[in-house]
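Novice: Just a sequence and a predicted model for now, questions to come.
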Amino acid sequence: MSRGRRYEEPKLNLKKVFAVILAFVVIIMSVFIIKGIFEKESNKGQIASKTYFAAFENNKWGVIDENGDFVIDPSYEEMVIIPDNKTDIFLCTYDVNYDTGEYSTKALNHDNQEIFTDYSKVEAISNHDENDNLWYEQNVLKVQKDGKWGIIDFEGKILLDTQYDNIETIPGLENVILIQKDGKYGVVDKEGRVILDTNYKSITNLGKNSIDGYIVQDDTGLYGIVDSSKKVILPNQYQEIEKVYGNNLYVVSQDGSQKVIRGNGEEVLTQGFEEIEAILKTENEGVIYILNGKYGVMNLTGEVLIDAQYDALVEAKPNIFIATKDGKQGIVDIENQEKVPFQYSSIIYNETGDIYVAEDESFHSHIMNSNYDVQLTGILIEMNTDKGYFELRQDDTYKYYNFRFEERDKKEILTNNTLYLDKKDNKYGFVDKNGNVVVEYVYDDATEQNAYGFAAIKKDGKWGAINNKGEVVQEPIYTLDDYLLIDFIGKWHLGKDLNMNYYNKE
């Protein structure tokens with residue numbers, strides 16, 4: 001029995017069939033691609049338009065943004081590490097066992113989602129300078145997998161496979177990362193490029209950057225120097241090498257005695273001192289030496305230029321020295337002629353401006369030109385070498401000067417400000433760029449706006465904050481007299497330990 005026409009089996013349109021199949025394949029591929037993109041995006045940090053800070057409240061740590069709003073609620077016992085406050089990578093430590101040293105870590109983004117989940121530990125690579133100022137290596141993290149460490153960038157790209165026993169830094173050197181494997185050390189940069197193979201018992205810095213080279217110790221326990229191209233500067237034949245060098249001169253120790261040698265091993269100074277403190281910058285070769293606990297200067301023939309009579313001696317520039325005597329600092333030249341009397345608590349030389357900043361016992365700074373004439377006096381708030389200005393507090397007024405000691409209008413310096421600190425009748429207020437009063441003169445003290453638009457205000461001995469419109473966002477309730485720096489992000493004030501760079505409400 002035949003069926004009606006409408007029930008007849010249709011013929012396949014092969015072109016349409018292939019088109020449909022192709023469409024399904026494209027859709028499926030798109031799903032996987034999109035899924036991969038989202039997975040990839042969720043597994044890396046994002047450069048943000050915001051700035052992030054560690055925050056401390058009720059004995060817990062979290063993260064706030066530049067408006068003072070929570071990004072990560074305070075819920076962690078340990079400080080949340082933010083390796084780059086412009087990137088939303090927040091490193092949290094938890095389950096810490098202080099007896100065994102064991103702990104767990106995880107990385108979160110601004111949505112409180114865990115990222116870099118392929119690793120058992122994710123940590124910032126921290127470093128510090130000689131003054132213990134802390135920083136983190138840029139755009140790199142160290143990660144652990146199966147008990148071994150490697151390096152990734154902020155997007156999760158593997159820069160160094162997880163095959164090392166430990167990863168750390170050499171204090172003070174940027175872009176220099178120590179790797180350890182089977183008890184031996186090597187060096188990589190933050191791109192993961194191997195600078196020195198893991199062949200050394202120990203590696204440390206010779207100077208303040210990697211260009212100066214590295215002091216390396218071999219299996220015999222002796223020291224030498226190699227540079228970043230693996231060229232041997234000094235062979236491993238010295239019992240000790242000091243971090244004192246310059247003009248192809250190095251200070252080494254053998255049999256317990258120091259001596260100055262050239263790069264070819266020639267001995268040039270072996271006696272007349274107990275210790276070499278520094279190699280002089282001047283073309284007339286010489287050293288700062290120590291004898292009987294006092295500092296002096298001699299040339300490489302052993303001729304004494306300045307007797308060992310000072311408690312400390314630092315070369316500011318060729319033939320000029322900042323000296324310490326009886327607890328006070330002054331300035332002398334290579335002929336031991338006094339240029340600045342010994343009456344200051346400290347003296348710092350700024351090479352960029354060719355100026356000296358001498359601080360007295362009252363914390364007032366006396367800023368001198370290259371001829372040692374005092375040009376300005378006040379409390380130094382900031383010296384900005386990059387922009388070529390410094391800020392002084394003079395008679396309770398904040399003023400700005402360039403390195404030629406010319407006063408600058410603060411509006412030329414603080415170009416992003418909406419408000420400017422002003423003083424009238426011994427009270428502080430704020431004006432706009434046209435001089436119009438926005439905040440009345442009612443405060444006992446105040447600060448300029450910070451980069452995030454907030455300014456600190458003080459009244460009746462307490463500190464609070466206003467925003468960039470002059471509105472009070474935190475009534476003055478905090479006693480911060482023993483804080484070195486007063487700063488606010490919304491209701492949060494900067495913590496006492498400046499090195500930690502965190503904000504709190506306590």
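Specialist: Done, it's in. Residues are numbered from 1 along each chain as shown.

Novice: From here on, just use CA atoms for contacts and neighbour counts.
Specialist: Noted.

Novice: For the spatially closest residue to residue 124 that is not a sequence neighbour, give me its contacts.
Specialist: Leaving out its chain neighbours, the residue that sits closest to residue 124 by CA to CA, 6 or more residues apart in numbering is residue 141, at 5.0 Å. Taking CA atoms under 8 Å, 6 or more residues apart in numbering as the contact definition, residue 141 lies against 122, 123, 124, 125, 151, 152, 153, 154.

Novice: Could you rerun that using 6 Å?
Specialist: 123, 124, 125, 151, 152 (CA atoms under 6 Å, 6 or more residues apart in numbering).

Novice: Return a PyMOL selection command for the buried portion of the residues you listed.
Specialist: Paste this into PyMOL to select the buried members of the contacts of residue 141, with burial taken from 16 or more other CA atoms under 10 Å:
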select buried, resi 123+124+125+151+152
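
Novice: Which one of the contacts of residue 141 is nearest to residue 349?
Specialist: Proximity to residue 349 was ranked across the contacts of residue 141 by CA to CA; first place goes to residue 125, at 31.3 Å.

Novice: In a strand, that closest one, correct?
Specialist: Yes: read with DSSP: H, G, I helix; E, B strand; the rest coil, residue 125 is one of the residues of a strand.

Novice: ok, it to residue 159 distance?
Specialist: With distances taken as CA to CA, to the nearest Å, residue 125 is found 14 Å from residue 159.

Novice: again with residue 174
Specialist: As for residue 174, its distance to residue 159 is 17 Å (criterion: CA to CA).

Novice: likewise residue 469?
Specialist: 45 Å.

Novice: Neighbour count for those two, which is higher?
Specialist: Here residue 469 and residue 159 are set side by side on neighbour count (other CA atoms under 10 Å), and the busier one is residue 159, at 18 against 13.

Novice: do you know how far the more buried one is from residue 191?
Specialist: 6 Å.

Novice: picking that back up, secondary structure element for the residue nearest to residue 124, which one?
Specialist: Using DSSP states H and E, residue 141 sits within strand 134-145.

Novice: could you give the mean pLDDT of that strand?
Specialist: Computed over strand 134-145, the mean pLDDT rounds to 95.

Novice: cool, stretch 362-377 as well?
Specialist: Averaged over stretch 362-377, pLDDT sits at 96.

Novice: Restrict it to CA atoms and write it as PDB.
Specialist: Once non-C-alpha atoms are left out, stretch 362-377 reads as follows in PDB (Å, rounded to 0.1, in the frame of the first residue of the first chain):
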ATOM      1  CA  SER A 362      65.100  69.800  65.900                       C
ATOM      2  CA  PHE A 363      64.500  67.900  62.600                       C
ATOM      3  CA  HIS A 364      64.900  71.100  60.600                       C
ATOM      4  CA  SER A 365      66.600  70.700  57.300                       C
ATOM      5  CA  HIS A 366      69.200  73.200  56.100                       C
ATOM      6  CA  ILE A 367      69.500  72.900  52.300                       C
ATOM      7  CA  MET A 368      72.800  74.000  50.900                       C
ATOM      8  CA  ASN A 369      74.100  74.600  47.400                       C
ATOM      9  CA  SER A 370      77.400  73.100  46.100                       C
ATOM     10  CA  ASN A 371      79.300  76.000  47.800                       C
ATOM     11  CA  TYR A 372      77.800  74.900  51.200                       C
ATOM     12  CA  ASP A 373      75.700  78.100  51.500                       C
ATOM     13  CA  VAL A 374      72.400  77.500  53.300                       C
ATOM     14  CA  GLN A 375      69.700  78.500  50.800                       C
ATOM     15  CA  LEU A 376      66.600  77.200  52.600                       C
ATOM     16  CA  THR A 377      65.600  76.000  56.000                       C
END
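
Novice: Now do it: everything it contacts.
Specialist: The contact list for stretch 362-377 (CA under 6 Å, 6+ apart) reads 354, 355, 356, 357, 358, 359, 378, 379, 380.

Novice: could you redo the last one with a cut-off of 10 Å?
Specialist: The list of residues contacting stretch 362-377 from outside it, by CA atoms under 10 Å, 6 or more residues apart in numbering, reads 331, 339-340, 344-349, 353-360, 378-381, 392-394, 401, 403-406.

Novice: three-state assignment of residue 458?
Specialist: Secondary structure assignment for residue 458 (three-state DSSP): strand.

Novice: Next, the contact list for the closest residue to it other than its chain neighbours, please.
Specialist: With sequence-adjacent residues excluded and distances taken as CA to CA, 6+ apart, residue 458 is closest to residue 445, at 4.9 Å. Residue 445 makes contact with 396-397, 421, 423, 426-429, 456-463 under the criterion CA under 10 Å, 6+ apart.

Novice: pLDDT below threshold where in this structure?
Specialist: Low-confidence segments of the chain, defined by pLDDT under 70, span residues 1-48, 283.

Novice: what's the residue closest to the geometric middle of it?
Specialist: Per CA atoms, centre = their mean, the C-alpha nearest to the average position across the chain is that of residue 135, at 3.6 Å.

Novice: Contacts only, for it.
Specialist: Here residue 135 is in contact with 83, 84, 124, 125, 126, 127, 128, 129, 172, 174, 499, 500 (criterion: CA under 10 Å, 6+ apart).

Novice: same thing but at 6 Å, please
Specialist: 126, 127.

Novice: what sits opposite it in the beta ladder?
Specialist: residue 127 (DSSP bridges).

Novice: Which element, helix or strand, includes residue 309?
Specialist: Short version: residue 309 belongs to strand 304-310, going by DSSP H and E.

Novice: Give me the next element, helix or strand, following that strand.
Specialist: Next along the chain after strand 304-310, taking DSSP H and E as the criterion, comes strand 312-317.

Novice: In the protein, what residue spans correspond to helices?
Specialist: Secondary structure of the chain, counting by DSSP state H: helices at 14-41, 410-413.

Novice: to the chain's geometric centre, what's the distance from the last one?
Specialist: Translated: helix 410-413. 26 Å (CA atoms, centre = their mean, to the nearest Å).

Novice: helices and strands around it, which ones?
Specialist: The elements that helix 410-413 packs onto, with contact taken as 3 or more CA pairs under 6 Å, 6 or more residues apart in numbering; DSSP states H and E, do not include any helix or strand.

Novice: Going by neighbour count, which residues in it are buried?
Specialist: Going by 16+ other CA under 10 Å, helix 410-413 has these buried residues: 410, 411, 413.

Novice: which one of those is nearest residue 64?
Specialist: Relative to residue 64, and with distances defined as CA to CA, the nearest of the buried residues of helix 410-413 is residue 413, at 27.8 Å.

Novice: Burial check on residue 373, number of neighbours?
Specialist: Residue 373: 14 surrounding residues under other CA under 10 Å.

Novice: measure it to residue 174 for me?
Specialist: For residue 373, the distance to residue 174 under the criterion CA to CA works out to 37 Å.

Novice: what's the answer for residue 369, then?
Specialist: Here the distance between residue 369 and residue 174 works out to 32 Å (CA to CA).

Novice: Residue 262 too?
Specialist: When CA to CA is the yardstick, residue 262 and residue 174 sit 27 Å from each other.

Novice: Next: residue 414.
Specialist: Distance from residue 414 to residue 174, by CA to CA: 30 Å.

Novice: These two: which is more packed in?
Specialist: Remark: of residue 414 and residue 174, residue 174 carries more neighbours, 20 against 15, as counted by other CA under 10 Å.

Novice: Over to that one: give its phi and psi.
Specialist: Dihedral pair for residue 174: phi -90, psi 150, per degrees, to the nearest 10.

Novice: gap between it and residue 149?
Specialist: 20 Å.

Novice: cool, residue 194 as well?
Specialist: Counting by CA to CA, the separation of residue 194 from residue 149 is 15 Å.

Novice: Pick out whichever of these two has more residues nearby.
Specialist: Set side by side, residue 194 and residue 149 show unequal neighbour counts under other CA under 10 Å, the larger going to residue 149 at 24 against 16.

Novice: The more buried one pairs with what?
Specialist: Applying DSSP bridges to residue 149 yields these beta-bridge partners: residue 144, residue 164.
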